[in-house]
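Here's a sequence, model it:
(chains A, B, C and D)
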Number of protein chains: 2
Amino acid sequence: MNSQLAFNALGDPTRRAIFEKLQHRPMAVVDIADGLPISRPAVSQHLKVLKEAKLITLKTVGNNNIYKLNRDGIIAMRNYLDQFWEDALTNFKALAEQTEKDKK
Amino acid sequence: MNSQLAFNALGDPTRRAIFEKLQHRPMAVVDIADGLPISRPAVSQHLKVLKEAKLITLKTVGNNNIYKLNRDGIIAMRNYLDQFWEDALTNFKALAEQTEKDKK
DNA sequence: TTTATTAGTAAGTAATAACTTACGGTAAGT
DNA sequence: ACTTACCGTAAGTTATTACTTACTAATAAA
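Numbers count the residues shown, from 1 in each chain, chains lettered A, B, ... in the order given. Modelled structure (predicted):
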């Protein structure tokens, strides 16, 4: 799992908007772009980033590229972050205990 | 919790490096900057972002600003992101079930 | 078989983010 | 007092990212 890709992918507000749109239903690119204040090609570029981060996938149906959330990618990211926070909190706790000990 | 702050703060690799450094021990700014390929003021700027995202705090001791992880902030962000992924997966599941139903 | 719709990519521009150097202020050591 | 060490901020530069328009290709509809 490349955390850098995922963080980066969701770091942009427009991409988060797209990601959240796809939570409602799978959508073709025109539909995703509809309502967003940017051009359709710009949306395509964002979709590329989300796809490379493995957060979404696409299925071509005739003329349409239907994008949807990628369950496996999302789970991978969630698991990575679970570990990330756990490490941080574990280390925090160890430091706090060390500080206690140092006082004595 | 502000999602923009969360993703933005950890979206930058240098900031994640700083965050991980602080998992080992609280550190003064010079120590944080030591080893990083950027200038000390640049580090200060990253620290500001992490601080505003409530991931770290600082304590001034004489001439030193000692930065350390902020347990409460980390927990808040973990909880927020847990929810974020859970929502995504819940929606994914609902969509999958809907698709099943539509087939019938 | 034209005509319209969908969508990705290329190339250039605009906006943003990360960085540097220069500075000022404060505390600690001499 | 003077000097050194620490650190934040300001201002400007560089690098990166987001965006636009123009184009091409592919399928669907007429």
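
mind showing which ranges of chain A have poor pLDDT?
Filtered on pLDDT under 70, chain A yields the residue ranges A:1, A:101-104.

Output the set of residues of it in proximity to DNA strand C.
A:28-31, A:40-41, A:44-45, A:47-48, A:58, A:63-66 (Cβ under 7 Å from any atom of the strand). Heads up, the C-betas are built off the backbone N, CA and C, glycines and all.

interface residues of chain A facing DNA strand D?
A:8, A:11-12, A:14-15, A:37-39, A:41-42, A:45-46, A:49, A:62-63.

got the buried residues for stretch A:30-37?
The neighbour-count check on stretch A:30-37 (16 or more other Cβ atoms under 10 Å in any protein chain shown) flags A:Ile32, A:Ala33 as buried.

burial of A:Val12, as a residue count?
That one is not Val; residue A:12 is Asp. When neighbours are counted by other Cβ atoms under 10 Å in any protein chain shown, A:Asp12 registers 18.

same thing with A:Glu97?
10.

Figure out how far the strand or helix carrying it is from the centre of its chain.
A:Glu97 belongs to helix A:71-103 when assigned by DSSP states H and E. Distance of helix A:71-103 from the chain centroid (Cα atoms, centre = their mean, to the nearest Å) equals 20 Å.

okay, the angle between that helix and helix B:71-103?
Orientation note: helix A:71-103 sits at an angle of 160 degrees relative to helix B:71-103 (axes from the mean of the first three to the mean of the last three Cα atoms, to 10 degrees).

circling back: filter the residues of chain A next to DNA strand C down to the buried ones.
Of those, these count as buried by 16+ other Cβ under 10 Å: A:Ala28, A:Val29, A:Leu47, A:Leu58, A:Asn65, A:Ile66.

got the contact list for the fifth one?
Pointing back at A:Asn65 there. Counting by Cβ atoms under 8 Å, 6 or more residues apart in numbering or on different chains, A:Asn65 makes contact with A:Ala28, A:Val29, A:Leu58, A:Lys59.

at 7 Å instead, please
Residues near A:Asn65 by Cβ atoms under 7 Å, 6 or more residues apart in numbering or on different chains: A:Ala28, A:Val29, A:Leu58.

Adding distance to A:Gly73, write those out as JSON lines.
Below are the contacts of A:Asn65 laid out as JSON lines (distance: Cβ to Cβ, whole Å):
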{"residue": "A:Ala28", "distance to A:Gly73": "20"}
{"residue": "A:Val29", "distance to A:Gly73": "19"}
{"residue": "A:Leu58", "distance to A:Gly73": "13"}
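
And the contacts of stretch A:91-99?
Stretch A:91-99 is contacted by residues B:Gln23, B:Arg25, B:Leu69, B:Arg71 when judged by Cβ under 7 Å, 6+ apart.

So which of those residues are in strands?
Per DSSP state E, strands hold the following members of the contacts of stretch A:91-99: B:Leu69.

any idea which of the contacts of stretch A:91-99 has the most stuff around it?
Busiest of the contacts of stretch A:91-99 [other Cβ under 10 Å] is B:Leu69, holding 20 neighbours.

what bridges to it?
Judged by DSSP bridges, the bridge partners of B:Leu69 are B:Ile56.

hang on, it packs against B:Leu22?
Yes. Counting by Cβ atoms under 7 Å, B:Leu69 touches B:Leu22, with 5.4 Å between them.

Done for today, thanks.
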